[in-house]
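Participant: When you get a sec, could you give me coordinates for this:
(one chain, ligands or ions: 2)
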Amino acid sequence: MATKFDVIVIGAGPAGYHAAIRAAQLGLKTACIDKWLDSNDKPAYGGTCLNVGCIPSKALLDASHKFSEAKNDFADIGIISKGLEIDVPVMIARKDTIVSNLTKGVAGLFKANGVTTFEGTAILHAGCSVEFTSHKGDKESLQADHIVIATGSVPVEIPPCPITDDLIVDSTGALDLSAVPKRLGVIGAGVIGLELGSVWNRLGSKVVVLEALDEFLPLVDAQVAREALKQFKKQGMDIRLGARVTGAEVKGKKVKVLYSDAEGEKSETFDVLVVAVGRKPYTQDLLAPDSGVTLDERGYIYVNDLCSTDAPGVYAVGDVVRGPMLAHKGMEEGLMVVERIAGKKPLVNYDCVPAVVYTHPEIAWVGKSEQELKANGEQYVTGSFPMAASGRAMAANDTVGLIKVIADAQTDRILGVHMIGAHTSELIAEAVIAMEFGASAEDLGLTMFAHPTLSEGLHEAALAVSGHAIHVVSKKRKK
Ligand code: FAD
Ligand code: NAD
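Facilitator: Numbering: from 1, shown residues only. Ligands and ions are numbered 1, 2, ... in the order given. Below you'll find the model as predicted:
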């Protein structure tokens with residue numbers, strides 16, 4: 001006899017664990033199945049995000065930023081820091097402790113909310129039935145009225161650079177280097193390449209980033225992307241665009257990378273090579289032939305706007321379905337699905353998904369960019385504020401960057417907000433809230449912001465849309 005649940009969630013990454021906890025909060029009899037094992041072969045909830053993604057990368061980004069500030073910027077503010085050193089094992093151990101505390105925290109939340117957990121692998125069959133195999137190999141049949149698939153994604157590998165134990169690594173390996181490599185190669189100037197490249201660059205590696213595209217960060221507002229490239233180069237990152245990697249040769253303790261660019265065939269030798277060329281949806285060994293769940297042409301589970309798959313009662317959320325591979329996007333999808341199962345009617349607002357690159361300066365945006373609006377032929381007005389004009393940024397000795405508000409030329413409704421600068425990962429939330437409530441640039445301009453704060457930059461950028469910023473001379477637009 002199969003054990004029966006209202007909802008079975010497959011995957012305990014951010015999309016899955018949010019879904020499972022909310023389902024249980026809503027009174028649904030809920031199970032969550034997850035197969036993640038940590039480096040000690042112990043089950044650990046939280047998926048990619050907590051184990052090898054968002055959290056460990058931010059632990060190293062924050063630690064390395066503190067080192068970089070102490071080394072490069074403290075003297076400017078009258079703090080003399082001599083004899084600074086890096087203790088990589090301590091830094092990595094601190095990161096591991098944060099991860100372990102958080103993954104145990106999810107286990108605690110499951111328990112406290114009454115989610116039944118299964119540690120092992122799920123295979124989905126027709127009629128919402130699940131074949132569960134524990135890590136020890138024991139099998140159990142489970143049955144539910146509703147299934148939520150949240151099996152996430154894994155790194156893309158490229159044939160010229162197969163991952164090895166310690167010389168050619170993916171993002172997971174780049175979070176666990178035992179020492180600062182002298183020369184670090186990174187393939188891909190995407191989010192992971194820039195974040196993890198920044199970590200090791202700050203700690204003293206000579207970092208070379210090889211990016212196949214000619215354009216830098218094409219999804220980011222072009223003005224912001226230009227400023228970002230300028231800043232990263234200033235920090236010593238050697239970012240080579242239009243560089244297509246064709247091969248890698250491991251020789252002793254070094255890896256030689258072959259690549260071609262507009263000038264022809266080239267090569268570079270590194271102590272460690274990080275492959276960060278994207279992630280792909282993960283459905284391996286998940287779907288029995290009779291499951292009824294279909295994949296799209298790129299391997300994502302096919303879902304509609306409400307995250308329903310082609311199989312009745314089966315939903316899919318997070319990285320395994322279309323849309324940006326961001327933890328918070330999956331969390332919202334997971335919550336939406338189980339709330340709808342419980343009879344509520346929430347929707348995910350895909351026009352208001354914030355994105356952040358946690359480099360320094362941080363890059364953050366929500367909504368449409370100028371290049372997208374131009375391509376769609378939409379009429380818009382922009383207002384910008386340079387952080388160099390912010391009193392608080394001056395006080396913090398961190399004046400790089402800008403905030404830009406884009407509003408509809410006719411209605412003044414905010415269409416997008418783009419930021420580069422310190423703490424923009426936090427500031428972007430203000431723009432998301434404004435857009436979620438359909439605010440106009442004038443609404444933001446009429447809102448009171450605490451002084452002195454970096455947030456005032458958003459206020460000024462909104463005021464600049466109508467030519468009324470106070471601390472920058474802006475073009476006169478409206479009376
Ligand atoms: P996952 O987190 O991948 O979780 C899926 C879970 O399902 C895993 O535990 C897996 O073991 C389990 N599973 C898979 N198949 C089965 C099966 N058949 N049976 C049982 N269990 C199964 N995003 C951000 O928003 N902000 C960031 O700062 C950020 N930083 C990142 C940094 C790095 C280095 C990386 C790699 C990613 C980062 N991301 C970030 C992306 C983020 O980690 C993902 O978007 C997020 O983890 C996706 O959540 P998910 O729940 O869909 O899947
Ligand atoms: P990405 O898609 O952001 O960047 C991959 C880059 O690699 C692209 O610029 C691509 O042109 C380049 N590339 C691909 N093949 C190449 C080749 N052969 N040679 C040279 N360059 C090549 O992917 P990512 O950085 O691996 O990140 C994966 C996902 O994880 C992203 O979708 C992102 O959403 C998520 N993530 C998010 C955050 C965050 O929110 N801060 C952080 C890390 C990861």
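Participant: going forward, measure contacts and count neighbours with C-alpha atoms only.
Facilitator: OK.
Participant: can you list the residues of this structure near ligand 2?
Facilitator: 187-193, 210-213, 244-245, 276-279, 324-326, 355-358 (Cα under 6 Å from any ligand atom).
Participant: go with 5 Å
Facilitator: 187-192, 211-212, 244-245, 276-279, 325, 356-357 (Cα under 5 Å from any ligand atom).
Participant: can you list the residues that contact stretch 243-251?
Facilitator: Applying Cα atoms under 8 Å, 6 or more residues apart in numbering, the external contacts of stretch 243-251 come out as 160-161, 167, 187, 210-213, 255-262.
Participant: I'd like to know which of those are part of helices.
Facilitator: Judged by DSSP state H, the subset of the contacts of stretch 243-251 located in helices is empty.
Participant: Return the closest of those residues with respect to ligand 1.
Facilitator: residue 187 (13.9 Å; Cα to the nearest ligand atom).
Participant: now that closest one: how far from residue 224?
Facilitator: Computed as Cα to Cα, to the nearest Å, the residue 187 to residue 224 distance reads 22 Å.
Participant: Just confirm residue 103 is within a helix.
Facilitator: Yes. With DSSP: H, G, I helix; E, B strand; the rest coil as the criterion, residue 103 is part of a helix.
Participant: quick one: pLDDT of it?
Facilitator: pLDDT for residue 103: 98.
Participant: Let me see the contact set for it.
Facilitator: Residue 103 touches 44-46, 50-51, counting by Cα under 8 Å, 6+ apart.
Participant: restrict the residues of the chain next to ligand 2 to contacts with ligand 1.
Facilitator: Near ligand 1, by the rule Cα under 5 Å from any ligand atom, you find residue 325 out of the residues of the chain next to ligand 2.
Participant: where do the helices sit along this protein?
Facilitator: Using DSSP H, helices in the chain cover 14-25, 47-52, 54-72, 88-113, 171-174, 191-202, 222-234, 327-341, 370-375, 391-395, 424-436, 441-445, 456-465.
Participant: The longest one vs ligand 1: in contact?
Facilitator: What it means is helix 88-113. No. For helix 88-113, no contact with ligand 1 is found by Cα under 5 Å from any ligand atom; the gap never falls below 10.5 Å.
Participant: quick one, that helix and helix 14-25 angle?
Facilitator: Here the directions of helix 88-113 and helix 14-25 differ by 30 degrees (axes from the mean of the first three to the mean of the last three Cα atoms, to 10 degrees).
Participant: In helix 88-113, which residues are buried?
Facilitator: 88, 91-92, 94-96, 99-100, 102-103, 106-107, 110, 113 (16 or more other Cα atoms under 10 Å).
Participant: cool, and the third one?
Facilitator: When burial is assessed from 16+ other Cα under 10 Å, helix 54-72 yields the following buried residues: 55-65, 67-68, 70-71.
Participant: same question, the last one
Facilitator: Neighbour counts using 16+ other Cα under 10 Å place 456-465 of helix 456-465 among the buried residues.
Participant: Would you mind pulling up the elements that it packs against?
Facilitator: With contacts defined as 3 or more Cα pairs under 8 Å, 6 or more residues apart in numbering; DSSP states H and E, helix 456-465 has these neighbours: strand 380-386, strand 402-408, helix 441-445.
Participant: out of the buried residues of helix 54-72, which touch ligand 1?
Facilitator: Within the buried residues of helix 54-72, nothing lies near ligand 1 by Cα under 5 Å from any ligand atom.
Participant: What separation do you get for the residue nearest to residue 244 when sequence neighbours are not counted and residue 242?
Facilitator: For residue 244, ignoring the flanking residues on the chain, the nearest one in space by Cα to Cα, 6 or more residues apart in numbering is residue 212 at 4.5 Å. Residue 212 is 5 Å from residue 242, where distance means Cα to Cα.
Participant: Repeat that for residue 168.
Facilitator: Using Cα to Cα, residue 168 is found at 21 Å from residue 242.
Participant: now residue 190
Facilitator: The spacing between residue 190 and residue 242, counted by Cα to Cα, is 13 Å.
Participant: Residue 23 too?
Facilitator: For residue 23 relative to residue 242 (Cα to Cα), the value is 47 Å.
Participant: neighbour count winner among these two?
Facilitator: Neighbours per residue (other Cα atoms under 10 Å) separate residue 23 from residue 242, with residue 23 holding more: 29 against 18.
Participant: Not including adjacent chain positions, what is the nearest residue to the residue most central in space within the chain?
Facilitator: Nearest to the mean C-alpha position of the chain, counting by Cα atoms, centre = their mean, stands residue 326 at 4.7 Å. Distances taken as Cα to Cα, 6+ apart place residue 319 nearest to residue 326, at 7.1 Å, with adjacent residues excluded.
Participant: Now do the contacts for residue 401.
Facilitator: 227, 361, 386-388, 419-422.
Participant: do residue 454 as well
Facilitator: Residue 454 makes contact with 387, 390, 392-393, 427, according to Cα under 8 Å, 6+ apart.
Participant: so which of those comes closest to residue 438?
Facilitator: Of all those, residue 438 sits closest to residue 427, with 17.7 Å by Cα to Cα.
Participant: who's in contact with that closest one?
Facilitator: Contacts of residue 427 by Cα under 8 Å, 6+ apart are 454-455.
Participant: ok, it to residue 348 distance?
Facilitator: As for residue 427, its distance to residue 348 is 21 Å (criterion: Cα to Cα).
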